[in-house]
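Trainee: Below: sequence and its predicted model.
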Amino acid sequence: MYMNPSQHPGHQGSQVLYQAEPDWQHQMMHKRNAIMGAVHPHVGRTIRVTTIDGHTYEGVLVNVDGHHAYLHVTPHAQPYGHHRPIYTPAQYNQILTLVLFELLVILLLA
């Protein structure tokens, strides 16, 4: 249910910095569910993901829940175009958490 920000209890005198459009929640839930449905059957497979910010990652999809995709990446799977010259042991076998609605392209790799 959409409520005007001025109608929220306990928010007298508050200044709204951002208010989503009333239909936004429905659209985002629909997109998130569509992405999850498309990706979930491929858990355990290698994928390449491009985010809405233009970052691309490659790794094995280890899990998908209602909000995130979890990608097992290796050090060479840093965002394409971003080079880090020194790798520490903590950077090996990382699980990268990606927000579903920030994913722009998801490719299943052979």
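Mentor: Received the coordinates, thanks.

Trainee: drop to CA atoms for contacts and neighbour counts, all remaining ones
Mentor: Noted.

Trainee: so what's the spatially most central residue of the chain up against?
Mentor: Within the chain, one residue has its C-alpha closest to the average C-alpha position: by C-alpha atoms, centre = their mean, that is Val99, at 1.7 Å. Neighbouring residues of Val99 by C-alpha atoms under 8 Å, 6 or more residues apart in numbering: His67, His68, Ala69.

Trainee: looking at those, which has the most residues close by?
Mentor: Using other C-alpha atoms under 10 Å as the neighbour test, those are led by Ala69, with 24 neighbours.

Trainee: need the contact list for the residue nearest to that one when sequence neighbours are not counted.
Mentor: Using C-alpha to C-alpha, 6 or more residues apart in numbering and skipping the chain neighbours, the partner closest in space to Ala69 is Leu98 (5.2 Å). For Leu98, the residues meeting the contact criterion (C-alpha under 8 Å, 6+ apart) are His68, Ala69, Tyr70, Leu71.

Trainee: for the chain, which strand is longest?
Mentor: In the chain, taking DSSP state E as the definition, the longest strand is strand 56-64.
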